[in-house]
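Peer 1: Sequence first, then the predicted structure, then my questions.
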Number of protein chains: 4
Amino acid sequence: MLALFDDEATIRHALAFEAALAHALAAESLISTEAADRIVLACKALHIEPAVLADEVSLAGTLAIPLVKRLRAELPPHLAICAHKGATSQDLADTVLMIQVKQASTLLLKDAARVVDALAGLATRYIGTPTIGRTLLQDALPISLGLRFAQWRAGLVDSIERVNREVALHARLQFGGAAGTRADLSGRGQAIAGHMAKTLELPAGEPWHARRTGVAGIAAAIGILVGALGKIARDVSLLAQNRIDEIREPVIAGRGGSSAMAHKRNPTGCQTALAAATRTPGLIATVLIGLPAEQERGLGGWQAEGPVLAEIFQLAAASASAMAQVVEGLDINEIAVSANLEAAGVGTDIGESSAIAAILLDIKPRG
Amino acid sequence: MLALFDDEATIRHALAFEAALAHALAAESLISTEAADRIVLACKALHIEPAVLADEVSLAGTLAIPLVKRLRAELPPHLAICAHKGATSQDLADTVLMIQVKQASTLLLKDAARVVDALAGLATRYIGTPTIGRTLLQDALPISLGLRFAQWRAGLVDSIERVNREVALHARLQFGGAAGTRADLSGRGQAIAGHMAKTLELPAGEPWHARRTGVAGIAAAIGILVGALGKIARDVSLLAQNRIDEIREPVIAGRGGSSAMAHKRNPTGCQTALAAATRTPGLIATVLIGLPAEQERGLGGWQAEGPVLAEIFQLAAASASAMAQVVEGLDINEIAVSANLEAAGVGTDIGESSAIAAILLDIKPRG
Amino acid sequence: MLALFDDEATIRHALAFEAALAHALAAESLISTEAADRIVLACKALHIEPAVLADEVSLAGTLAIPLVKRLRAELPPHLAICAHKGATSQDLADTVLMIQVKQASTLLLKDAARVVDALAGLATRYIGTPTIGRTLLQDALPISLGLRFAQWRAGLVDSIERVNREVALHARLQFGGAAGTRADLSGRGQAIAGHMAKTLELPAGEPWHARRTGVAGIAAAIGILVGALGKIARDVSLLAQNRIDEIREPVIAGRGGSSAMAHKRNPTGCQTALAAATRTPGLIATVLIGLPAEQERGLGGWQAEGPVLAEIFQLAAASASAMAQVVEGLDINEIAVSANLEAAGVGTDIGESSAIAAILLDIKPRG
Amino acid sequence: MLALFDDEATIRHALAFEAALAHALAAESLISTEAADRIVLACKALHIEPAVLADEVSLAGTLAIPLVKRLRAELPPHLAICAHKGATSQDLADTVLMIQVKQASTLLLKDAARVVDALAGLATRYIGTPTIGRTLLQDALPISLGLRFAQWRAGLVDSIERVNREVALHARLQFGGAAGTRADLSGRGQAIAGHMAKTLELPAGEPWHARRTGVAGIAAAIGILVGALGKIARDVSLLAQNRIDEIREPVIAGRGGSSAMAHKRNPTGCQTALAAATRTPGLIATVLIGLPAEQERGLGGWQAEGPVLAEIFQLAAASASAMAQVVEGLDINEIAVSANLEAAGVGTDIGESSAIAAILLDIKPRG
């Protein structure tokens, strides 16, 4: 996941954007085929040292300026002007971000699906096993252990659907030019956007540079997924407490030890998921606070969005991967489950637990 | 909107919940028809002083305990036990909240639709009028004024759809009993939930008491809508600056004055929308932070959710209502629009503005 | 605490501001003594229905406009102009807020001091009692129970000092007039501010209307205090879990019951404190996000500040009061403490616990 | 600033911690001088590849475990046990963080001081120059331009003082061992902490591992400083708008251009500061949300704190450095200042602006 958003990937996608643009401009006869071929070639050949570019980006305030400058330097003078024609910094930045969002979502949802599947297995296995349900951190009434797993899973399924929905709707090409009007393209802007979208495997659409509700929708959906994973981590870590002892994270070599206490087995996977669930809400708020962006491109809010979105995905990926490991190897102590239930002294009637769990398990995440 | 969430409405919905439950219990023969009738009658007749109840709620830590106590006191001793049977505090609290969410969304979206419609009118009218587009708070290139309005509208339309989607999916009945198992209902829990949902005009579904992703989805959707309204307010207030003078809020008696300067015309509607957009992100973060709730009912996070959701809706309603007034009466100074464009010295080519605006205007919010 | 910030109190303080201003203007011979006396009288006599004023405020976008209008209507025409002379809406709003902040802090710190004192007692009593220390929700090594209490107390003491410091530095009179220059006061502005500060029992100082770091400092300090109280609540609720059973909240009639389970004893005081600690961080973020306010008075961010600050104080007060009750009556089960320690199997060596606790207990909150 | 918090620096400080500990243990005769010398030598010689360690840290959930393992591998078996004696992972992590906090604050405040000094110069120069003051984004009344600069400066000065205060109070050594009791140190724990504090040039103090109010205080103080810098950036960018034209960022080669519009001069320094002010509040909220940490070491909240604090400092440093450049080279257009004031038609009376500015300028940041 780190690799998806790192400087190298960003440069690679940026050059792919420029190549797709050149190709599209030629397809609409706005530049010559020769120019397009040369640009595409240059985009492939160009090697930019990430650290060097980073300094220039920091000075220029945008990735596009130094990158396009380098690209043009690779071209014969009369073709240099053909590169980046009709595009603006934000077209490049937003499109690159959406390529990354699409890849990152796919990667993230793979691990989330592992959690969903493992929970389905656990829920089915323990659908009739009574355990003490706890509310407000106090013993309440019996539930089936399978229902607990099915509820965890249902929260995840709902969250995955939301991510799928928002990404499908909003991870789109951005192509509008300096002020979002597709000027200087002889009226072929929409067609060019169509070609680019196809090449870059993103849906096309009208420019959305100053309309960030889609980005916020994606961010919020990921944030909710992190919360759903955090819910599982919270419960696992509470159930793993000594004296409760109902559940433990699997033993993984090198994991969960203590630098001072050899006897400890720390819930390190849950720690990762809970740290992510602690950090994500503030980042979602940051994306939302940028929504009232100034005019045709905001100052400050928009620039905050990209790194924050990348961070949200990193945290989500770390959480999903950690919880996949935790849930797939979950260590259930049926003796403690049963002993704690008995100690609670509230019988073993799990009501309609099994029926509810069965219905919840029948719900599949939709694309 | 205040009235939808105030103590009186909350008590009214809570009693409606208890009445619907009694009716459903009788329909499934778990209590007698007589008991149900008496409970329904008592729910209608019972008058509770909000201020007095508030103190008891604060002590008990939940609305249900003092409310059910009062309800039972109205019933003959042998029927008292029939009230609230099979339900728990959270069933009542969550269901009441979702009744309020549904009503509040309807009210909110009415004002949001006014903004959408007014913007469609403005976008159509000014679809061919060139104005200077501004990026990073600096003059950029011409755009059509109609495109600006169409983009504002498109952000709103997207946000309204998200609210509709999340509310339709997640504003559901909660009915699960003490630990979410529908215990003590002789296996008729699902049927009872079905009856209640019908009476209360909410979709039914499995208990979601400890699975709060739906609430978070609703909250985030409202938060994004507030941001989309804030975007409009940001731009109106920037365009209304002296020396820019392109747009002003309508003159409304008693509004936008200054206690010290008679000559001022303050953007008071935008102020309301921008204050809402400043306050909402932190509240969304609060809902998200509560997602990793403890076990079968969280401690702290869950209790934070209700008042915060109510606050989010209040802010959204204030914003939508203020911006409906602003946009419906927007005062456009075409002379300044034209003069500022000329002063920018970048010509008048608006590219494909009109075509883009036309496509954006064709998108209708979906239910 | 609710009463400190309600509409009635706000109106009362606003009239006190106007009276203090009139008095100060007369002292500097800018209005006649007769005018001042009439204004002061009118401020005392004026009764404004909060609900009616609220509607006007909402329309005007500021409290000062309708309030000053009513005040002037009470005066003979030739004196009406003397009221509010040299002041602006924000002078009134900010000064009223700071009067409320000062009162609210005093009230809040009283309850916080109760927690500090109760913890000192517990820490002293249990300074030598070994208990199992837990890290990452797992048994670690023994600590003294007194040290745990002393650590809770030290976090509170630090937080109280921060509140005292920020309130002393920043809860000041705001008096600058329309643009913060004390114009229209014949050069007597500073003297007038001095008189007003004395009357209103606030420190004077230069206008800070567009410089909100002090407000943010106060908000953050309260937020940290809420976190320190939340820390205690987190631990009490974890230690109160069944099977752990080391600590319980005191039994308070009407508190902590369950509408469905008679056997439960819920940590309702901790619930209040944890809900407050969940809600406060987002509110602090809201105050911080408003810091980059526009020019001589911001649009949106500033208006968000007042209600959010009031909410922060409400939450803090609820938390401090709840935790004072919890800690003063804390129910410690020494048998469980000892049994859990033994079960952990890590001996009873509490290291330098007692010495550390003694040093921590020696630290007193400073004004 | 990046270098202060990167993996290499973290490893270097971690080894310095271990060396200081060894030295202190020997000084108190808990290990032999030979052991101490060998450990100190090993700490100096040990080269750890950051990328390799990062993977191990991610698995172990803590830096200390793999680092101490490598350190011990460098020692003869009989001395290996002497390394890290009495310490725990969190001692190392928290102490390293505080070394970084101290260094980062010093670096940050150097740039902040540049802004303060430049503003003092500007305020003095323009103390008598009238300019239009603007409230709610509308022309209000004249103020002196010098007063505006003096107010910006006063906000910064207050923020710098808060940072100094919090860092002085709370950037301390953490040394408590596994459960914060300084166990296994023969009662010499306090003395050992004293030696270590001296070596590491941090104040000593009692263990604060589970008491995070100090960290929150530091984070909030930095957040407020970022807001005070953001305030300047907000105003500069508004005053730099075309048609207003009163102020511009200095011309810096390679900065503020546009990839599509050669004529633009973007406020890129302000962009950096405003992006920082957009991102910081959510991060402060994250630190606050972690305050109610679980027991003797929290799960999730604590682990979120370190990277978030590092990020807050990075953003603050970027903002301070950008604004130092902006303010030191601020390009003031006196003709536009004067023309805009005249256009406002509210005269030129700046009231007591100069006197207020003079008092504000007299305030010096205190250490």
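Peer 2: Okay, I see it. Residues are numbered from 1 along each chain as shown, chains lettered A, B, ... in the order given.
Peer 1: so where do the strands sit in the stretch 101-250 of chain A?
Peer 2: Here the stretch 101-250 of chain A has its strands, by DSSP state E, counting those that start in this stretch, at A:130-135, A:138-144, A:247-248.
Peer 1: Show me which residues of the second one are buried.
Peer 2: It refers to strand A:138-144. By 16 or more other Cβ atoms under 10 Å in any protein chain shown, the buried positions in strand A:138-144 come out as A:138-144. Every residue, glycine included, has its C-beta placed from N, CA and C.
Peer 1: and if you look at stretch A:36-50?
Peer 2: Across stretch A:36-50, burial judged by 16+ other Cβ under 10 Å covers A:36, A:38-40, A:42-43, A:48.
Peer 1: coming back round to it: can I get the strands of the stretch 101-250 of chain A in TSV with mean pLDDT and distance to residue A:337?
Peer 2: Shown next, in TSV, are those (pLDDT from 0 to 100; distance: least, Cβ to Cβ, whole Å):
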stretch	mean pLDDT	distance to residue A:337
strand A:130-135	97	5
strand A:138-144	96	11
strand A:247-248	96	8
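Peer 1: Dump these to CSV, plus distance to residue D:353.
Peer 2: Compiled in CSV, these are given as follows (distance: least, Cβ to Cβ, whole Å):
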stretch, distance to residue D:353
strand A:130-135, 61
strand A:138-144, 62
strand A:247-248, 67
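Peer 1: coming back round to it: might you specify the subset of the buried residues of stretch A:36-50 located within helices?
Peer 2: Applying DSSP state H to the buried residues of stretch A:36-50, the entries found in helices are A:36, A:38-40, A:42-43.
Peer 1: for the longest helix along chain A, packing partners?
Peer 2: Across chain A, the longest stretch assigned as helix under DSSP H is helix A:89-125. Under the contact definition 3 or more Cβ pairs under 8 Å, 6 or more residues apart in numbering or on different chains; DSSP states H and E, helix A:89-125 sits against helix A:2-5, helix A:7-27, helix A:64-73, helix A:145-170, helix A:189-200, helix A:213-239, helix A:301-328, helix A:353-362.
Peer 1: Out of those helices, which one sits most buried?
Peer 2: Most buried of the helices and strands packed on helix A:89-125, by mean neighbour count (mean count of other Cβ atoms under 10 Å in any protein chain shown): helix A:213-239, with a mean of 28.
Peer 1: Please name the residues that touch the residue nearest the centre of chain A.
Peer 2: What sits nearest the mean C-alpha location of chain A, by Cα atoms, centre = their mean, is residue A:313, with 3.7 Å. Residue A:313 makes contacts with A:1, A:4-5, A:100-101, A:104-105, A:108, A:222, as judged by Cβ atoms under 8 Å, 6 or more residues apart in numbering or on different chains.
Peer 1: Redo those residues as TSV? Include pLDDT.
Peer 2: What follows is the contacts of residue A:313, written out as TSV (pLDDT from 0 to 100):
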residue	pLDDT
A:1	79
A:4	90
A:5	91
A:100	97
A:101	97
A:104	96
A:105	97
A:108	97
A:222	98
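Peer 1: Local confidence estimate at the residue in the stretch 251-367 of chain A positioned nearest to chain C?
Peer 2: Using Cβ to the nearest Cβ, the single residue of the stretch 251-367 of chain A nearest to chain C is residue A:266, 4.6 Å away. Residue A:266 carries a pLDDT value of 90.
Peer 1: ok, now residue A:256?
Peer 2: Looking at residue A:256, its pLDDT reads 66.
Peer 1: swap in the one 4 residues further on?
Peer 2: Among the per-residue scores, residue A:260 shows a pLDDT of 68.
Peer 1: give the contact list for the closest residue to residue A:175 other than its chain neighbours.
Peer 2: Spatially, and ignoring its direct neighbours in sequence, residue A:175 is nearest to residue A:193 (4.5 Å; Cβ to Cβ, 6 or more residues apart in numbering or on different chains). Contact partners of residue A:193, counting by Cβ under 8 Å, 6+ apart, are A:24, A:173, A:175, A:182, A:204-205.
Peer 1: and which of those residues is nearest to residue A:248?
Peer 2: residue A:173 (47.0 Å; Cβ to Cβ).
Peer 1: so that closest one makes contact with residue A:196?
Peer 2: Yes. If you go by Cβ atoms under 8 Å, residue A:173 and residue A:196 touch, sitting 5.8 Å apart.
Peer 1: tell me, what's touching these two both at once?
Peer 2: Joint contacts of residue A:173 and residue A:196 (Cβ under 8 Å, 6+ apart) are A:95, A:204.
Peer 1: Next up, the contacts around residue A:325.
Peer 2: Neighbouring residues of residue A:325 by Cβ under 8 Å, 6+ apart: A:250, A:252, A:269.
Peer 1: what separates stretch A:183-196 from the chain centre, distance-wise?
Peer 2: 30 Å (Cα atoms, centre = their mean, to the nearest Å).
Peer 1: Skip the chain neighbours and tell me the closest residue to residue A:13.
Peer 2: residue A:96 (4.3 Å).
Peer 1: What is the burial count for that neighbour?
Peer 2: Other residues lying near residue A:96 total 25 when counted by other Cβ atoms under 10 Å in any protein chain shown.
Peer 1: which parts of the stretch 101-250 of chain A sit against chain C?
Peer 2: By Cβ under 8 Å from any Cβ of the partner chain, the residues of the stretch 101-250 of chain A that approach chain C are A:134-141, A:237-238, A:240-244.
Peer 1: nearest to chain D, of these?
Peer 2: Distance to chain D, by Cβ to the nearest Cβ, is smallest for residue A:237 among those, at 5.7 Å.
Peer 1: I'd say the closest one and residue C:137 touch.
Peer 2: Yes. Using Cβ under 8 Å, residue A:237 is in contact with residue C:137, at 5.1 Å.
Peer 1: For these two, list the residues in contact with both.
Peer 2: Counting by Cβ under 8 Å, 6+ apart, the shared contacts of residue A:237 and residue C:137 are A:267, D:299.
Peer 1: mind checking how far residue A:209 is from residue A:95?
Peer 2: Distance of residue A:209 to residue A:95, computed by Cβ to Cβ, to the nearest Å: 10 Å.
Peer 1: any common contacting residues for the two?
Peer 2: Joint contacts of residue A:209 and residue A:95 (Cβ under 8 Å, 6+ apart) are residue A:174.
Peer 1: Is there proximity between stretch A:207-220 and chain B?
Peer 2: Yes. Using Cβ under 8 Å from any Cβ, stretch A:207-220 comes into contact with chain B via A:207-208, A:210-214, A:216-217, A:220.
Peer 1: would CSV of these with pLDDT be doable?
Peer 2: Output for those, formatted as CSV (pLDDT from 0 to 100):
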residue, pLDDT
A:207, 97
A:208, 97
A:210, 94
A:211, 96
A:212, 97
A:213, 98
A:214, 98
A:216, 98
A:217, 98
A:220, 98
